[in-house]
Structures are given as C-alpha cells and as structure tokens.
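Participant: Sharing a model prediction with you, sequence too.
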Amino acid sequence: MATFLLRRLGAAVVLVFVIATMTFLLMSMTGGDPARNILGDGATVEQVAAKSAELGLDQPLAVRYVDWLGAAITGDFGRSWFTNEPVMTSLANKFPVSLSVVITAILVTAILSAILGVTAAVKRGWIDRFVQMFAVLGFALPNFWVALILVTVFAVNLKLLPATGFVPFTTDPGRWALGLILPVAALVVGTIASTAQQVRGATIDVLRQDYVRTLRSRGISHRSLLFRHVLRNAAPPALTVLSLQFVGLLGGAIIIEKIFALPGIGSLAVNATLQGDLPQILGLVVVMVVLVVIVNLVIDLLTGWLNPKARVS
Amino acid sequence: MTDVASVAEQPLLTISGLEVEFPVKGWRRPPFKALKGVSLDILPGETMGLVGESGSGKTTIGRAVLGLAPIAGGSISFDGRDTTRLSRADRRALSADIQVVFQDPYTSLNPAMTIGDILAEPLLTSGTARIAARDRIRELLDLVNLPSDAADRLPREFSGGQRQRVAIARALALRPRLVVCDEPVSALDLSTQARVLDLFIDIQEKTGVAYLFVSHDLSVVRHISHRVAVMYRGEIVETGDAAAVTGAPEHPYTQRLLMAAPVPHPKRQAVRRSERHALLASQRASDAARETVR
Amino acid sequence: MSEVVIPADAVVPVVASGRQKLYRRVLKNPMAVVSLVILALVVLSAVFAGQITGWDPGRADLNDALAPPFGEHLLGADASGRDVLARLFFGARVSLIGALIALATALAIGIPTGLIAGYFQGWFDSLSSWFASLLMAMPGLIVVLALISVIGPGMVGVMVTFGALLSPGVFRLTRSGVVSVRRELYIDAAKVSGLSDYRIISRHVLGVIRAPLVIQASMIAGIAIVLQAGLEFLGVGDSSTASWGQMLSEAFSNIYVAPTMILWPGLIIGLTVGSLAIFGAALRDTVQGAEPARKTRRRKPTNEEETSTRRLDLSTAATAAVISPRDGGQEDIEPSDALLVVRDLQVGYPQPDGSTTIVVDGVSLHVDRGEVLGLVGESGSGKSQTAFSILGLLPDTGAILGGTISFAARTIASADGAAHGAAALRGRQFGYIPQEPMSNLDPSFTLGFQLVEPMRHILGLSRPAAKTKALELLDRVGIADPRRTFDAYPHEVSGGMAQRVLIAGAVACDPELLIADEPTTALDVTVQAEVLDLLRGLQRERSMGMIMVTHNFGVVADICDRVAVMQAGRLVEQADALELFDDPHNPYTRMLLSSTLEDTEPRAARSTRPVSSRGTAR
C-alpha cells in the first residue's frame, strides 16, 4: 500500500508540474504587449518599457519561467498586474466561497446518486425509468439555465430563498447554508443525473456477477449482500465518475457564481481573462489543477482501499 | 523416443530449443518463461498431439509457430526454411502453408462478417481472384459439410460446432500443409466434439495436411494423433507414438495425467481410481526416497 | 490517473449485423426518429433562418423593446427591441457550427491516437494515456478562459480548444474498444492470414467501435453546445453575432422585468442537446439489443445446434424426447424419506414479445440422503436451470411455471410462487459449488472473510470461533497453508485452490444437500481427480445428498450413484449409474455414451506411403 501511495503521489506531482509549465508557456506566448495593455494607449513608449521592466517582461522567457516556478513552489504567484494585490491573497479570499459550493455539490451528488442509482438497479421499474429519463434531462439542461429558472421561481416570484450574496460560514452557518441551497441545487441537477446513471450501470454489472449468486447461495442476508459486497464492488467506477464531476463542477461554479453574485473565483476568472492578467490566471489554473489532483489522489486511494486488485496494478 | 516414420522423410516442421518469454508487468521483473527450450518435429501429413495442463505452454508452441508469440531463443523451420522471425510480408507468404483453428468458435469469427467474407479474406489477401474465390468457398463449405448457402449468413446464426467447421474451412482455404489446432474441440458438446474430430481426420486423409493438435484432453489427443508430446511447465517431458504415450507412459507426470482422466464406466473407473491412488503413493514414496538419498 | 470514463455501457464490443441493418433498426426506434426530426428542424431553422423569420436578428428598435410574444414578434422582442425568434434561429448557426468544430477536433485527435495506442500499445500507449489523463485533470472552462486572454474570443479557436479538451473521451473509448477487439481470436486469425495492420484495423477494428463512437459523438456535440453557451453567458464569447448564451445573458439582466425571456434560449438548448442525448441512448439500446450485451462464458446454442436446441416451444418439445420405459418421472418412485423431490418442474423465460421460452419441461427427480445424483446433458439441456430452480437462484427473468420442489417433505417452490422456502434453506441445508472458481469469489474480500461471513450469520458463531472453523475447513479441503489462504484475496490463489475454498464454503454450515454445477469443468484433469476425491470424501463423511451437474460421463462414473439424463429441457432417462452405463435405454443416452472418446483405440499409425492425395485436393 505504501508503494502504491508513493507512486500515485509522484505521478500527481509530475502532473501538476507539467500542467503548470504548459500553462505558463502558453500564456507567455501572447501576441500583444502586456505592458501596453495595462497602461492603455495614452502611455508613452518609455512608460511602457518601464512597466515591462517592472513586470520582468524584458527578461528572456526561460529566466521568467524559472523565476515564476521558483516562487510558485513556495506558494507565491506574484501580484496581479491590475490590482497589484498578491495573487495568493485574492485566491485565498475567493476559493473558500467556490469550494463551499463545489464541495457541498459533490457531497450531495455522491449521496443522492448512490441512493438513486442503487435503487434503480435493484428495484428497476418506475424508479429505473425515472433515473434514465433524468439522465437525459440533466444532460440536456445547462446548469446555468437551471439556475436562472430557480432564481426566477424561488427568489423572484416566491421570495423563499436569497437570490444573491454569500455569508461566510464563520459569520452565520444558517445563512451560509441558506445561501448555498440554490447554487448547489442548480449544479447538482446535471451531476446527479449522470452519476446516478453510472452508479446504476455499475450496480447492475456487479449484480450480474457469478460471485453474487454464490454469495446468495451461502445464505447471507440481502442487506449484507447489497451493502457489503455489491456496493463495494460497484463503488470504484462510480468514484471515478465523481472525480470527473469535480473537474466539471469547478467550471460550472464559475458561471453559477455570476448568477448568484457569489464572490468566488468566477468573477476573478472572468475579469482576469478580459484584462489579460497573466499572474492571476496562472495562479488560478495552478491552484485548480492542484485541487483536482488532490481529489483524484483521494479517489485513487479510496479505490485502492476498496479493490485489492487495483493496489497491485 | 525414436521415430520409425521419420527415417525416410524430411520433417515438415522442426522446432528446436524454442524459448518464449512474456514480459511481466512491473519494474525490472524477470520475464515469464513460457517455453524453456522445446524441440519437436512434425512430418508431412502427420498429426502431432500436444497435451498438457493449463499454463504448461502447449498453446504457446502453437502461437509461436504462427508468429503470434515473442520468441526469445531457439528456432522454428518450416519445410527446411527458417521461419523463427518473419516480417509481415514473409508471414503472409507463409500463411498459405501454415494455418490455424482456435479453441473458441465464438470469438474466432468476426461477428460482423458473413461466412463468405470470412472465408474470402485469406483468399483475397493471397491474391486469388474474386470469382475463383467464390468457387473455392463453395468447395470449402462442402469439404466441412456445411450447406453452400451458409456463405451469406452471419456467424451467430450457427451453432458452436458449425462455427468450428467454418473456422476449419477458413484454415483450409489456402490449402496449407500444416494446421495448428489450438484446443479446437474443447468448447464443443460431447457429440459435436466427436463429429468435428472425425472431420479433422477425414480432411487429413483427403488432403494430406499435417496437424499440430493442442489439447488438454488425453482422450481427444489419442483419438486424432499419430504421435503425442506431453508438456509440463514449459517443457516437453515425453514424446512418442500415440499408443505408447497414452497407453503406457514413462514419465511420472504423464502417468498421473493418464490416471487422472476418469473412465466412463463406474466399475472400471473405480479400478482406475485405486490405480491412481496407488500410483500417487508410489510416486510420493520414490520422491521421498530420492529426498533421503540426497 | 483516473480510469475509463466512458458513459455507462458504451464500450460493448458489439457488432450489429451489417451497417445498413443497424441504421434501419435505429430508424424503427421511435425515440431515435423523434430526436432526429428535432435535430433536423434545428439545423433547417439555422440554415434558412433569414427566409423563415423575415427579421434581422441585429436590428434594434427601441419601440419594440420587450414586446410581448404572439404580436408582431412571434416570441416577442428583447430589451433592445430585437426579434427573439430570429435571434434564436441565427443563434442556432453559432451553436451548431461551434459544436461541429469541437466534435471534429475531438474525433480528429481521439480516434487516430486511440487506434494507434490500442492496437500497437507500447510506449505510445503509455504516453498518450498519460496525456489523456492530464487533459482530463484540466478544468476545461478555466483553460478556455485562460486561452481567450491569449488568443481572443474568436469562436473557432475556442471550440477547437474545447474539442481538444473533450478528445480524451474519444481516445479512451477508441482505445478500450481496440484493446478488447485486439484480444479476439479473429484478429489472430487475420494476422495468421497475413493481413496488414492497416487492413486489420479498417476491416475488423473500426466496425466494432463505430456505434460507440457515434454515441460518444452525440454526447460531445451536446456538451460543446452547453459549454459554448456558458461562455457566451459569461460575456467572454464572441459578441458580434446572436447566440443562445448571449440571449440568456441579456435575459438575465432583465430577469426582474421580463422573466419569461430566459425560457426560449434555455428551451432550445435543452431541446437540441436532449435530442442528441436521446439519439445516443436510442442507438445504444438498438446496438445492445442486437447482440446480447456481454459475452457470457456459457455457450449460446443457436437455431441449428446439431444435437441440442435451447429455444424450444412447448409444441416442439413434446416431440423432442423419445419416451423410454425408464423415462422421466413416470417410473421415478420416490422413497418416503427422499431428501429432495422435484415433480414436473417447468422453468421458462418470458420474452418481450409475450411468448415464453421453456428451458426445463416436466422434470421429475429425487435425491435421497447420502446419495449422489448425476444430472447429465449437453449445453442447453436445462441441467443447470434445474439446479438453480432448486436453489431458488434463477435469474430475475426466469420463473418456475409448473411443478413443485420439496425438501425434507416440505414444499419449497411451486408454480404459483406461494412457497419460497429455498431462500431459508440456502447456506443452511443447501450448499452450492459453482463451475468457474475465479468469478465466483468476491474480488474485494479475503477468502477468509468470505468463509467466515456466512458462518457467523447462519451458525451464529463468534468471529474467532468462525475463524477457527474456517481454518479447519481449509485444512480439510486439502489446502496446504490454511492461514495464508485465509488472508489471501481471490486473485492471489490458483484456480484449483479457489475451487477448494468454494467447496469449503459450500459445506461450511453442514448442509444436507450439495448442489455442484460442473464443479470440475474449469479445472485441469489432475486437479479434477483430486477435487472429485475431495467431494466424494466430504459427501460420505457427512452423508450428504448431492446433485452433480455435469456433461462428463467420466465424472458421472466416478462419483454418481444414480444418473438423470437431460436433453432439450426434458429428462430422457433416469437409472442407477451402473445400469445406465451397461444398458442405456434411450437412444440419446446411447448416442452420448458412444461419443465419449476415453475408450476409443488410439489412432492407427500413420501410413508411411507418400501422400499423393494432396495433389487431388489442390
């Protein structure tokens, strides 16, 4: 198990490194002159040159890369070109908001799709048809449109739930939770739809296995069969889907945050994109990839723990 | 294990000191030696039976002859020509001479192709004209006792035995001189099995093709083989005439193998069983004796 | 890092019977037709947008601002007074072209790399698989946002990037399809025939992955449309032309004034993407319906099986068996103390078209205490179905349609379904030994756990007591190092060992009846002999009744006291073992016995005359 863990950890570090490098190179190949962009058309050539020097843009690419990487390893992604705020500070402010939404959504997805998927696989009948139809519906309806409908119905018309705003958990857990209901609901429609479908498929696969019949022939109870043997063997593929959903949710959150005016990474990402704020975008990408890699790592470990064969390969 | 028949004739296939290794997944693990220096020859028109338990390497020999296994050492020559390592083009040329019938008639035929297309494939690849190919297909279907309208149908419309007949027809399409038969009847029902075996013998008598016949079943091998080689853990432990090897084996493993096969009659099986227990006891005793001497 | 990510059941190495037939079958599926019609309408409305609406999507007229629907503007006008319907139709162009670009990119990258990686494997496979997992770890929207800041908001660049980010799905699907096909023997046969790699891929491999790829493509197109709309909604897309995302964004700014404005773009996105998804699902159903989804190890006899027929109607079944004096249940007089009695058992599988496939028809048999009954037949004879009926473990789709099964004078199963006694007997009075040792052990639990769990549940033993008993059992079934085997996982032991563990499991709770379904078929013959010795020993020592399902008359001769021969769902003969072998009454039994090769003479020595007949064959 230890070598399995070390190998996965090593692979994760390499992955983050490669993506960081690729992003840096890609972002540094900008056609225009960032300094000119920042200062606007009114600035003189000298001012632009000075700004370039200040940002280190006059250095060769390799030197910039080594500098950036060296600092990034220590968690320093430089300062925003526009607000001059350290990138890490703004990320530290914004990420908790987005993660509240995404992590809640992933937990809700995991729980509800496990219940729906397993029930559909075991009971079949109407609930099975519902899960299948829901899968198409959840795939077809963009989550931001669902969000708009939810806002219209619950916030604008019924005035039941807050349409906008974010209250930190530490300030008021109750209002924090209330504010999360609509954004999370909008996000999970799609993820539950596809994850429940996957859980259903994986469960049906396991139920068809020979060993399930043999276990039944041994007289163990239906509950133990389902919760101990079937769930455990059906979990790895479902977990894999969940880790992909996490990646998707990070993207989805950016749009959802706009609708609910949540002060998360969404506005940061959009503004940095529109302005061409490279340090900000780089920091954002790297931190996101690190998050994704951590989630994948956790899921890999869980899979390895559940399935002894995965540990070997 | 000298061979009377080989005095006059040149062997069709000669395998000498063949070694096959499969890479083992994992960092710097030594490869798995599936064959540890195997030597074998087959005369024209002869059936060489190859018997052994799963993992003994019997299938690997067949695959090595066909160019489907990674050869690490030794050599294979066909009709006096070295065929140990061939390019795909040379292999194509050889495909007219060496063909194969696999075990599983369910995966050895592409389910999306009609029987006619399956049979045409080797013919067209070797440059046979389309019209000539059609005639040949009719001939082949006739040879394996399938109706000629089978050509337009799909594999799944046929039973296991019939599919295996199609696989045999495909193998015979180019009039090969050697067919590697890899457990060709073990997926079949008892009665089908007997009939397909008789078809093999019948075809051999009509065409003079030689078989390398791989099976785990001693009785099947005895039924069809002129000579038999017994494999155990990547090595041939005994070779000889079928009657001798399957009747009065010399090697302890072959003896165990023979005694383990149950006889389809309760009384005789009871005798066989006690013989087997006696054999195992004596083998254990001699093993123990060897241990103490050491 | 993560594993395969293909939508449920998509990678089934399924081949329909020829392409044309598949398309024709898809067109018979109403869901597929409806979705295709909707997609066609969306495409047509995009192509002929100008001709249909007559409004210029960009023409703003503040007099018409937020005009209600069904007036001059069919769906009303937006805040700038632009016609909503016209913008929807023109917006479809952006969405469809964008989706096409993304799809083309994903396929262009995914298919060739997947083919090469799956077929040739080696370093390219490792590298490209790693790269695919790298792409999948990238949060797509952020990557595209980052890219927009570099290359600008042009649609082509953005959609190409999306396509590249979605290509790992295509890659993995293609690759796993190729890998599974590559192992098929017909690929080996093609290689032996000397086919080039190019021919093998184009003839044998592409056909198999075509349908899953179309399904995947419809998903990718849908995802691309949603992602693109998302970008437009965020306001970082190309704002020069009308698009669905942009319309949603504008509707959002007016959500308090005109909430219905968000409906139209959302509905058309949902309709388009939903149609794509439904088409994919319909295609998948069609493909899977064509060939029963997964390959089962058991053989599937088909219509022209030489000796046995599985699918039989009641009418033909009546003529299937030749009645012999010792036939079936008639003469089967059960002793009063019979352990198990099966009377007139009929088992069937209702078909979707309303008919029923009968697999066991009128079978009557009994097993006494301490007696071994052999249940013999070829594949499709119904012998395993009979065994599973007794255990109450028929597949969900199968049912007992007639007759009764009783155990120790108590009815445990009947056609009306009133008695469901088998469940209570399983593990307690019934022990079951399966055919394939490896697939019958749960891969996620140690062998020890799988032995201990039923003992604790049924015998109520404590954990240590159950463990002690399990170790004793493992020792009894001939396992050299019980402790090590107890802690091992199934994949760590050999097939013979796994079968011994399964036997230990079957007898763990001291059953009175052992049902063994071809327990030695998957084993080497030397191991088979040992396992038969073990079974005989256990059966005598505990004087259990036993049903030995097998096709091998050697096995029957070795262990069975009495034999029942089945053919095509019916019992054709039942007799004491010795009697059956010495004097088989039924012609089918005689044919089976004469097919055994064990007694045949070795083949005559090869004639040394030069083979001349080769010339005639050529």
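Facilitator: Okay, I see it.
Participant: Quick check: the closest residue to residue B:36 other than its chain neighbours vs residue B:20, distance?
Facilitator: The shortest distance from residue B:36 to any non-neighbouring residue, by CB to CB, 6 or more residues apart in numbering or on different chains, is to residue B:234 (4.3 Å). Any C-beta I mention is one placed from the backbone N, CA and C, and that applies to glycine too. With the distance defined as CB to CB, to the nearest Å, residue B:234 ends up 8 Å from residue B:20.
Participant: what's the overlap in contacts for the two?
Facilitator: Where contact means CB atoms under 8 Å, 6 or more residues apart in numbering or on different chains, the residues bridging residue B:234 and residue B:20 through contact with each are B:33-35, B:57.
Participant: residue contacts, residue C:30?
Facilitator: Residue C:30 neighbours (CB under 8 Å, 6+ apart): none.
Participant: Check what pLDDT it gets.
Facilitator: Among the per-residue scores, residue C:30 shows a pLDDT of 85.
Participant: And for residue B:209?
Facilitator: At residue B:209 the predicted local confidence, pLDDT, stands at 95.
Participant: Quickly find the element holding residue B:39.
Facilitator: strand B:32-42 (DSSP states H and E).
Participant: how far is that strand from where the chain is centred?
Facilitator: Relative to its chain's centre, strand B:32-42 lies at 14 Å (CA atoms, centre = their mean, to the nearest Å).
Participant: Check stretch C:236-244 too.
Facilitator: Its chain's C-alpha centre lies 44 Å from the corresponding centre of stretch C:236-244 when counted by CA atoms, centre = their mean.
Participant: now do stretch A:224-236
Facilitator: On the basis of CA atoms, centre = their mean, the separation between the geometric centre of stretch A:224-236 and that of its chain is 27 Å.
Participant: Show me what residue B:18 is bridged to.
Facilitator: On DSSP bridges, the residues paired with residue B:18 through beta bridges are residue B:38.
Participant: residues in contact with it?
Facilitator: Listed by CB under 8 Å, 6+ apart, the contact set of residue B:18 reads B:35, B:37-40, B:61, B:64, B:71, B:73-76.
Participant: Pull the most distant pair out of the residues you listed.
Facilitator: Of all pairs drawn from the contacts of residue B:18, the widest gap by CB to CB lies between B:40 and B:73 and measures 14.8 Å.
Participant: Of the two, which one has the most company?
Facilitator: Between residue B:40 and residue B:73, residue B:40 has the larger neighbour count (other CB atoms under 10 Å in any protein chain shown), namely 21 against 14.
Participant: contacting residues around the residue nearest to residue B:36?
Facilitator: The neighbourhood of residue B:234, defined by CB under 8 Å, 6+ apart, consists of B:33-36, B:38, B:56-57.
Participant: for the stretch 151-294 of chain B, which spans come out with low pLDDT?
Facilitator: In the predicted model of the stretch 151-294 of chain B, residues B:294 satisfy pLDDT under 70.
Participant: could you pull out the helices for it?
Facilitator: All helices of the stretch 151-294 of chain B, identified by DSSP state H, counting those that start in this stretch, fall at B:160-172, B:190-207, B:218-224, B:242-247, B:252-260, B:266-293.
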